[in-house]
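A.B. asks: sharing a model prediction with you, sequence too.
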Amino acid sequence: MTPAPHLPWHRSVLARAALASTAVLVVIFALLLITPVTVSAPIRLTEALVLAGGLAASLVFNLLLIRRALAPLSSLASQMQEIDLREPTQFQLGATDAPEIAAFVSAFNSMIDRLAEERRLGAWAALTAQERERLRVGRALHDEAGQSLTAIALEIERLARRGQGDQRRELEALAAQLHDSLDDIRRISRQLRPEALDDLGLVNALIALSTRVSRQGGIRIVRQFGSDLPELSSELELVIYRVAQEALTNVLRHAQATRCHISLASDGDGVELTVADDGRGIPSQFGNETIGIEGMRERALLVGGSLSISAGDSGGTEVQLRIPAAAS
């Protein structure tokens, strides 16, 4: 934790509050000295009115001075309301010249740093477990369910060749349905387990992903991948791939687009992934924080990156993931 700066005592909140009260007392004392104010016994009405007016003026004056002395606390509260652990750049509270508040700000910033790090580590552990589970389920679908259904489909085709008439046609239709189900299982398995990422690298995996989405939805996808991309760790490649996968899935399911542009480039200060479509944009009833978008934000946060989602230049939606050079 960064120690609070040693500033002159007169800048502290305590000193300001004390000076405000002292100033009120000094003003009252001076007025008593220079004004011909007397109090009779019993007190007269005019004297009571003068005392009441003086008391009211003293209270108002004191309130104004105290309010000014405590103004840094109000500013601090406003800054605290704006803090969002999903945006690392907004973590730190602003500095102040009051020693007590400076000590509080330093302790609060240290606490936010710890919370942000714990949140990042917790989210990373959760996503790592999710990827492992996806890998396990993908392998089970491909190696176990896929092989079992393939064997059943082959047996049905063998029986269909021996059958006659309606029975043969029914068996052939059943075999065709099984092959369609096998294609679905293989597609789901590829989505759960991006084998191309491990076997072919990030760029080729993105090409395979965009080609598959284009074929599924009849969307024209324009690809633009830089030739000077920096070397990326397997974790960063997985984050970029998953964000691209979610963005293209959203285009396929919701955008009603006819054209999509995906690019991955190095901008000198990091790596930037952009997915833009010419569709209808994000429906207002869904807002900007659906589960998929929140997942993309989480992944960007884990690697110290940032995710922005906005309207494209020619309509549609533009998703932009930026990972700084330090993370790369």
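C.D. replies: Here it is on my side, so go on. Numbers count the residues shown, from 1 in each chain.
A.B. asks: every contact and neighbour count from this point should use C-alpha atoms.
C.D. replies: Will do.
A.B. asks: quick one: the nearest residue to Ser210 once chain neighbours are set aside from Leu209, how far?
C.D. replies: In space, and not counting its chain neighbours, Ser210 is closest to Ile221: 6.8 Å by CA to CA, 6 or more residues apart in numbering. Computed as CA to CA, to the nearest Å, the Ile221 to Leu209 distance reads 11 Å.
A.B. asks: for Asp184, same thing?
C.D. replies: Using CA to CA, Asp184 is found at 15 Å from Leu209.
A.B. asks: the more surrounded of the two?
C.D. replies: Higher neighbour count among Asp184 and Leu209: Leu209, with 20 against 13, using other CA atoms under 10 Å.
A.B. asks: mind checking pLDDT for that one?
C.D. replies: Leu209 is assigned a predicted lDDT (pLDDT) of 88.
A.B. asks: is it fair to say Ser40 lies in a strand?
C.D. replies: No - under DSSP: H, G, I helix; E, B strand; the rest coil, Ser40 sits outside any strand and is assigned coil.
A.B. asks: what's the neighbour count on the nearest residue to it once chain neighbours are set aside?
C.D. replies: Of all residues not flanking Ser40 in the chain, Glu47 sits nearest, at 7.9 Å (CA to CA, 6+ apart). Close neighbours of Glu47, defined as other CA under 10 Å, add up to 14.
A.B. asks: so for the helix or strand hosting Glu47, what gets flagged as buried?
C.D. replies: Assigned by DSSP states H and E, Glu47 belongs to helix 45-69. Neighbour-count burial for helix 45-69, counted by 16 or more other CA atoms under 10 Å, picks out 58, 61-62, 65-66, 69.
A.B. asks: the residues you listed into a markdown table, with extra columns for distance to Arg134 and pLDDT?
C.D. replies: Output for the buried residues of helix 45-69, formatted as a markdown table (distance: CA to CA, whole Å; pLDDT from 0 to 100):
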| residue | distance to Arg134 | pLDDT |
| --- | --- | --- |
| Ser58 | 71 | 77 |
| Phe61 | 67 | 76 |
| Asn62 | 65 | 76 |
| Leu65 | 62 | 74 |
| Ile66 | 60 | 75 |
| Ala69 | 57 | 70 |
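A.B. asks: just the closest of the residues you listed to Asp143, please.
C.D. replies: Nearest to Asp143 among those is Ala69, at 71.0 Å by CA to CA.
A.B. asks: I figured that closest one hits Ala18, correct?
C.D. replies: No - Ala69 lies out of contact with Ala18 (CA atoms under 8 Å); the separation is 9.4 Å.
A.B. asks: I'm done for today, thanks for sticking with me.
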